[in-house]
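Enquirer: Below is the structure, and that's it, no one-letter string:
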């Protein structure tokens, strides 16, 4: 994977009615929610797929050739109650699925079927999880693929691979709200909550944060996206995008 940071988004966004655009699946995530441990919303849980805030049951440690140090592996064992042998089994499965492009770097599932196979095989009794998808409006999808063009023949991130397929969002999934994500060259991303920005966005743009810690529909997305992509406002120097977050209902035996 190239160590170059992704190109910042050009400030030439056109005015769109985001509610009128089609949305395309970026990826599915198997997430364990964590309470935010600092800032203005300390103690809250946010339904974001950012692994800055929540734990992902699939991550770089799941790939055998990824560089995970001993300390991070011990933390993984503790977080997910895994043994060393179970991690090896996960890595064997993940290596094959990665080569088949059913999972992507670094923690994306390309489809729900693959996610459920992973969940049922390695975490069959786990009930503390959420199955979430992020979905890009058409204009953000186009811009994402421009910014994250291939930097090598082997380094394309999972989000790019999925968006290139142009698969429309699943209308049966439950809409939770919108997230603003700042995407690193690795495919990992920040949420606006990583910068404790909810109050700033509420004051500046009159956004409403819902019970899931996400933004409700808004009529001024263009200005918000430009604001997030302006480094002088103190955000991560990554391109920021708007995504729709949806939840897949848990199988009946996993509900609580």
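Expert: Looks like it arrived, so ask away. These numbers were taken from a predicted model, which means no experiment stands behind them.
Enquirer: separation between the residue nearest in space to the middle of the chain and residue 98?
Expert: In the chain, the C-alpha nearest the mean C-alpha coordinate belongs to residue 49, at 3.8 Å (CA atoms, centre = their mean). The gap separating residue 49 from residue 98 is 18 Å, by CB to CB, to the nearest Å. Heads up, the C-betas are built off the backbone N, CA and C, glycines and all.
Enquirer: same check, this time on residue 45
Expert: Distance of residue 45 to residue 98, given as CB to CB: 29 Å.
Enquirer: Comparing these two, which residue is more hemmed in?
Expert: Shown here are residue 45 and residue 98; by other CB atoms under 10 Å, residue 98 has more neighbours (19 against 16).
Enquirer: how near is that one to residue 169?
Expert: From residue 98 across to residue 169, the span is 24 Å (CB to CB).
Enquirer: What are the neighbouring residues in contact with residue 47?
Expert: The contact partners of residue 47, taken as CB atoms under 8 Å, 6 or more residues apart in numbering, are 31, 33, 130, 132, 176-177, 212-214, 245, 247.
Enquirer: swap the cut-off to 7 Å and go again
Expert: By CB atoms under 7 Å, 6 or more residues apart in numbering, the residues touching residue 47 are 130, 132, 176, 212-214, 245.
Enquirer: From residue 132, how far out is it?
Expert: Residue 47 sits 6 Å away from residue 132, going by CB to CB.
Enquirer: Pull up the overlap in contacts between those two.
Expert: With contacts defined as CB under 7 Å, 6+ apart, the residues adjacent to both residue 47 and residue 132 are residue 245.
Enquirer: ok, back up a step: same list, the contacts of residue 47, but as a markdown table with pLDDT and secondary structure please.
Expert: Below are the contacts of residue 47 laid out as a markdown table (pLDDT from 0 to 100; DSSP: H, G, I helix; E, B strand; the rest coil):
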| residue | pLDDT | secondary structure |
| --- | --- | --- |
| 130 | 97 | strand |
| 132 | 98 | strand |
| 176 | 97 | strand |
| 212 | 96 | coil |
| 213 | 95 | coil |
| 214 | 96 | coil |
| 245 | 98 | strand |
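Enquirer: Return the member of those residues nearest to residue 80.
Expert: Closest approach between the contacts of residue 47 and residue 80, by CB to CB: residue 130, at 14.4 Å.
Enquirer: The closest one against residue 28, yeah?
Expert: No: here residue 130 does not reach residue 28: they are 10.8 Å apart, not a contact under CB atoms under 7 Å.
Enquirer: what about these two, which has more around it?
Expert: Summary of the neighbour comparison: residue 130 and residue 28, criterion other CB under 10 Å, with residue 28 having more neighbours (28 against 18).
Enquirer: In space, what's closest to residue 192 - neighbours in sequence excluded?
Expert: Take residue 192 and drop its neighbours on the chain: the residue closest to it by CB to CB, 6 or more residues apart in numbering is residue 180, 4.3 Å away.
Enquirer: which SS class is the one you found?
Expert: Under the three-state scheme (DSSP: H, G, I helix; E, B strand; the rest coil), the conformation of residue 180 reads as strand.
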